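Student: next come a sequence and a model predicted from it.
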Amino acid sequence: MALMDAVSLTAKYTAAVFAFYWLVAFSYRLLLHPLRNYPGPFIAKLTDGYGGFYAVAKRNHLVTQQNHQKYGRVVRYGPNRLVFNSAKALHDIYDNDRVVKSRVYLVTLGFTGTINVFSAIERRVHRVKRKLIGGAVTERSMRDFEPTMASQVHTFLERILASTQASQPVNISARCKRLGSDIVGLLAFGFPFNTQTEETYRPLQHGIAASNAHNNVMMQFPRLASLWIAYPLHLLNYAPRKAAFAMIETFITTRMAEGKDARHDLYSQVADEIPPAEVWSEALFFLPAGGDTTATAISALFFYLSRNPTVYRKLTAEIRTTFTSGSEIHGGPKLSACTYLRACIDESLRISPPVNGTLWRELSQEDPSPEKPFIIDGHVIPQGTQFGVNIYTLHHNPEYFPEPYIFRPERWLEGDEAEKKRRNDAFAAFSIGYRGCAGKAMAYLESSLAVAKTLWYFDFERAAGPEGELGAGKEGDLKGRHRTGEFQLYDIFASDHEGPNLVFKTRGDHWKELVKG
Ligand code: HEM
C-alpha cells in the first residue's frame with residue numbers, strides 16, 4: 001500500500017513538474033520570445049508540432065499558402081521559425097554568405113550516417129563536395145551521359161506504344177517515376193534498375209518515398225526525433241526503407257566489383273577523390289534528388305497539357321515543325337530553340353514545383369559580419385531563428401505571377417526586361433544561390449527529351465470518366481485540394497503524386513521508327 005502511495009505521489013509530482021515546465025515554456029514562447037510579435041497560427045507559436053502535423057498530412061505547402069493569405073508576407077510557423085513570401089526575402093535568404101542550411105537537414109543522414117552534398121551545413125565542407133558532385137551533372141557531363149538517358153527515354157516510348165495497341169490508359173506518374181529512377185540509377189550507381197520493364201527493383205521507389213516522408217516530418221518537427229513517439233514512427237515505414245537499403249547494397253557491391261572506369265557514372269567520376277562511404281551517400285541522395293523531382297516535373301507537364309488544349313496544340317506544332325524525325329530530338333541547338341517547350345516546362349515547375357516546401361535556413365555560426373544586423377525583407381532577424389521561403393507559396397503569389405493557378409506558358413515569353421526580371425527573381429523551383437540545384441541541366445534535358453519525343457510520336461488525351469480525374473483536385477475539397485485544374489502534390493520534401501491517366505494514339509507511321517530502335 002505504502003509502495004502504491006509512493007508511486008502515485010511520484011507520478012503526481014512528475015506530472016506537475018512537466019505541466020509547470022510546459023506552462024513556463026509556452027508562456028515564454030507566446031509573451032516574451034523575440035518572435036512574439038509576428039503573426040501566425042496559435043499552435044505554431046507554441047510548437048514545431050504544427051509543421052510536423054502537416055508534414056504527416058503531406059500538405060504543408062497548402063497550409064503555408066493559406067497562412068500567408070491570412071497573416072500576410074511573414075508568418076511565424078514555429079516557435080523559432082519565420083516563413084516569408086516575397087522575392088526580396090528569397091534573395092536575402094538564399095543568396096547570402098551569412099546564411100547556411102538549418103541543422104534540421106542533419107536528420108536526413110539516414111542509413112549511411114554520412115554527410116553528403118545536400119546535408120553538409122558548414123560552408124567549407126559543402127564547397128568541396130559541391131565542386132566534386134556538381135561536376136558529375138554539369139552540361140558537359142550530361143553530353144556524355146545523354147545516350148544512356150536517351151535509351152531510357154526510348155524504353156519509356158516503347159511502353160507507351162504498347163499501351164496504344166492495348167488501348168489502355170497510361171498512369172503517367174507511375175511511368176515517369178520509373179523513368180526517372182532508371183536514369184538516375186545509371187548515373188548514380190551505373191546499375192540498370194530496369195523498373196520500366198521489370199518488377200524486381202520497383203519497391204525501391206516506395207522505400208525512398210517512405211524515407212523522404214519520414215525525414216520531412218523530422219525536419220519540420222526536429223524535437224520528435226528525440227522523443228519516444230519517434231520509435232513507432234520509425235517502425236511504421238521501416239520495412240520498405242530497409243528493403244530499399246538492401247537493394248542499394250546490391251547496387252553498390254555490383255558496381256564496386258567492376259573497374260572504376262567500367263561505366264560513365266558518379267562512381268567513375270569521384271571514386272579517386274572521396275572514400276567509398278561518401279560516394280555511396282552521394283549516390284543515395286541522387287535517387288530522390290534526380291529521379292523523383294524530374295518525374296514530378298514531367299508528370300505535371302503531361303497533366304497540364306492534357307487539360308489545356310491550346311497549349312497542347314502550340315507545343316505539338318513547335319516540336320513537329322522543328323524536327324524532321326524523332327531521332328533528331330536530342331540535346332543541342334534545335335532543342336534549345338524550342339522556346340515554347342522551355343516555357344511549358346518552367347510554367348509546370350512554377351505551378352507544381354517538385355520541391356514544394358520551405359527550405360529552412362539559419363544564420364551561420366561563422367557569420368562573416370556578426371556586427372551587422374541580419375535583415376530579411378526589412379525584418380531584423382534574431383540569432384537562433386530558422387527562416388525560409390515556401391516555394392509553392394511564392395510561385396502562387398499574384399504580385400509576381402498574375403492568375404497564379406492558370407497554366408499559361410506564355411507568361412515566360414512576354415513582357416519587357418523589368419517584367420522578366422521581376423518574374424525570374426521569384427522563380428525558385430531549383431532554389432537559388434550557392435545551395436541551388438546542381439542538377440538543373442540534367443532536369444531540363446531529361447524533361448525536354450521525354451516530352452518532345454512523346455509529342456513527336458503520339459497524340460494523347462485524358463482518359464474518359466473518373467479514371468481521367470486521377471491527379472486533379474476535387475471540387476468542394478476543404479483542405480486546399482479543390483482546384484480541378486491543378487495537379488495535386490503531396491509534400492514529402494520532394495513531391496508524391498498520382499496520374500494523370502492518359503490515352504495515347506500513334507501519330508501516322510512515325511511509331512515505326514521506335515520499333516526499328
Ligand atoms: C525538375 C527537377 C529538379 C528540381 C525541381 C530540383 C530542385 C532542387 C532544389 C529546390 C534544391 C535545393 C534543396 C535544398 O536547399 O534543400 C536542389 C538541390 C540539389 N539538386 Fe536538384 N532538382 C531537380 C533535379 C535534380 C537532378 C536531376 C539532380 C542530379 C542528380 C539534382 C541534384 C541536386 C543536388 C546535388 C542538390 C544539392 C545542391 C547543394 O546543396 O549544393 N537535382 N534541387
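Tutor: On my side now, so go ahead.

Student: drop to CA atoms for contacts and neighbour counts, all remaining ones
Tutor: Noted.

Student: what separation is there between the closest residue to the ligand within the stretch 251-400 of the chain and Y231?
Tutor: Nearest residue of the stretch 251-400 of the chain to the ligand, counting by CA to the nearest ligand atom: G290, 3.4 Å away. According to CA to CA, to the nearest Å, G290 and Y231 sit 29 Å apart.

Student: now I183
Tutor: Distance from I183 to Y231, by CA to CA: 34 Å.

Student: kindly report the same for I133.
Tutor: Going from I133 to Y231 by CA to CA gives 33 Å.

Student: more neighbours: those two, which one.
Tutor: Between I133 and Y231, I133 has the larger neighbour count (other CA atoms under 10 Å), namely 21 against 12.

Student: hang on, the more buried one is in a helix, isn't it?
Tutor: Yes: counting by DSSP: H, G, I helix; E, B strand; the rest coil, I133 falls inside a helix.

Student: mind listing what it touches?
Tutor: By CA atoms under 8 Å, 6 or more residues apart in numbering, the contact set of I133 is 117, 266, 270, 282.

Student: just the pLDDT for it.
Tutor: Per-residue pLDDT puts I133 at 91.

Student: ok so, going back, doesn't the residue of the stretch 251-400 of the chain closest to the ligand lie inside a helix?
Tutor: Yes: under three-state DSSP, G290 falls within a helix.

Student: would you check that it makes contact with V184?
Tutor: Yes: between G290 and V184 there is a contact under CA atoms under 8 Å: 6.1 Å.

Student: if you count surrounding residues, which of those two has more?
Tutor: Taking other CA under 10 Å, G290 and V184 do not tie; V184 has more neighbours (28 against 24).

Student: so the more buried one: helix, strand or coil?
Tutor: helix.

Student: and the nearest residue to it once chain neighbours are set aside, what does it touch?
Tutor: Using CA to CA, 6 or more residues apart in numbering and skipping the chain neighbours, the partner closest in space to V184 is G291 (5.6 Å). Going by CA under 8 Å, 6+ apart, G291 touches 177, 179-184.

Student: tally of neighbours for G135?
Tutor: The number of residues packed near G135 is 18, by other CA under 10 Å.

Student: do the one 10 residues further on as well
Tutor: For F145, the tally of surrounding residues (other CA under 10 Å) stands at 19.

Student: could you do the one 10 residues further on as well?
Tutor: When neighbours are counted by other CA under 10 Å, T155 registers 17.

Student: the host helix or strand of it: how far from the chain's middle?
Tutor: For T155, the element it lies in under DSSP states H and E is helix 139-166. In terms of CA atoms, centre = their mean, to the nearest Å, the centre of helix 139-166 is set 22 Å apart from its chain centre.

Student: kindly report the same for stretch 122-138.
Tutor: Remark: stretch 122-138 is offset 19 Å from the chain centroid, using CA atoms, centre = their mean.

Student: likewise stretch 79-92?
Tutor: That offset, for stretch 79-92, works out to 19 Å (CA atoms, centre = their mean).

Student: re the thing from before, separation between the residue of the stretch 251-400 of the chain closest to the ligand and L9?
Tutor: Separation of G290 from L9 (CA to CA) stands at 56 Å.

Student: go on, Q365?
Tutor: The spacing between Q365 and L9, counted by CA to CA, is 45 Å.

Student: now G499
Tutor: 57 Å.

Student: cool, G134 as well?
Tutor: Counting by CA to CA, the gap from G134 to L9 is 60 Å.

Student: of the two, which one has the most company?
Tutor: G134 (15 against 12).

Student: that one contacts K440, doesn't it?
Tutor: No: with contacts defined as CA under 8 Å, G134 does not count as touching K440, sitting 10.2 Å away.

Student: next secondary structure after the helix or strand bottoming out on mean pLDDT in the chain?
Tutor: In the chain, no helix or strand scores lower on mean pLDDT, DSSP states H and E than helix 230-236, which sits at a mean of 74. Per DSSP H and E, helix 230-236 leads on to helix 238-257 as the next helix or strand towards the C-terminus.

Student: tell me how far that following helix is from the chain's mean position?
Tutor: Remark: helix 238-257 is offset 22 Å from the chain centroid, using CA atoms, centre = their mean.

Student: excluding chain neighbours, give the residue nearest to the residue of the stretch 1-150 of the chain at minimum distance from the ligand in space.
Tutor: Closest to the ligand within the stretch 1-150 of the chain is F118: 4.2 Å, counting by CA to the nearest ligand atom. Leaving aside its chain neighbours, F118 sits nearest to F285 (7.5 Å; criterion: CA to CA, 6+ apart).

Student: interface residues of the stretch 101-250 of the chain facing the ligand?
Tutor: By CA under 6 Å from any ligand atom, the residues of the stretch 101-250 of the chain that approach the ligand are 117-118, 130.

Student: what's the answer for the chain, then?
Tutor: 117-118, 130, 286, 289-290, 293-294, 297, 354-355, 359, 429-431, 435-440, 442-443.

Student: could you rerun that using 5 Å?
Tutor: Residues of the chain lying close to the ligand (CA under 5 Å from any ligand atom) are 118, 286, 289-290, 293-294, 354, 429-431, 435, 437-439, 442-443.

Student: next, the contact list for the residue nearest to R73 when sequence neighbours are not counted, please.
Tutor: Of all residues not flanking R73 in the chain, N85 sits nearest, at 5.1 Å (CA to CA, 6+ apart). Residues in contact with N85 (CA under 8 Å, 6+ apart) are 68, 73-74, 389-390, 393-394, 397.

Student: separation between the residue nearest to F118 and D265?
Tutor: 14 Å.

Student: same question for L455.
Tutor: 29 Å.

Student: from the ligand, how far out is R223?
Tutor: R223 sits 19 Å away from the ligand, going by CA to the nearest ligand atom, to the nearest Å.

Student: so for stretch 314-321, what gets flagged as buried?
Tutor: In terms of neighbour count (16 or more other CA atoms under 10 Å), stretch 314-321 has its buried residues at 315-316, 318-320.

Student: with pLDDT and secondary structure as new columns, can the residues you listed be given to me in TSV?
Tutor: Below are the buried residues of stretch 314-321 laid out as TSV (pLDDT from 0 to 100; DSSP: H, G, I helix; E, B strand; the rest coil):
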residue	pLDDT	secondary structure
L315	98	helix
T316	98	helix
E318	98	helix
I319	98	helix
R320	98	helix
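
Student: alpha carbons only: can I get the helix or strand harbouring K129 in PDB?
Tutor: Per DSSP H and E, K129 falls inside helix 123-134. Only the C-alpha atoms of helix 123-134 are listed here, as PDB (Å, rounded to 0.1, in the frame of the first residue of the first chain):
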ATOM      1  CA  ARG A 123      30.300  26.100 -46.000                       C
ATOM      2  CA  ARG A 124      33.800  24.700 -46.200                       C
ATOM      3  CA  VAL A 125      32.600  21.100 -46.200                       C
ATOM      4  CA  HIS A 126      29.900  21.900 -48.700                       C
ATOM      5  CA  ARG A 127      32.200  23.800 -51.100                       C
ATOM      6  CA  VAL A 128      34.400  20.700 -51.600                       C
ATOM      7  CA  LYS A 129      31.500  18.300 -52.100                       C
ATOM      8  CA  ARG A 130      29.700  20.600 -54.400                       C
ATOM      9  CA  LYS A 131      32.700  21.000 -56.700                       C
ATOM     10  CA  LEU A 132      33.100  17.300 -56.900                       C
ATOM     11  CA  ILE A 133      29.500  16.100 -57.100                       C
ATOM     12  CA  GLY A 134      28.300  19.100 -59.200                       C
END
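
Student: what inclination does that helix have with respect to helix 139-166?
Tutor: 60 degrees (axes from the mean of the first three to the mean of the last three CA atoms, to 10 degrees).

Student: residues touching the closest residue in space to K314 that isn't next to it in sequence, list them.
Tutor: Nearest residue to K314 in three dimensions, chain neighbours excluded: Y340, at 7.9 Å (CA to CA, 6+ apart). By CA under 8 Å, 6+ apart, Y340 lies in contact with 314-315, 318, 409-410.
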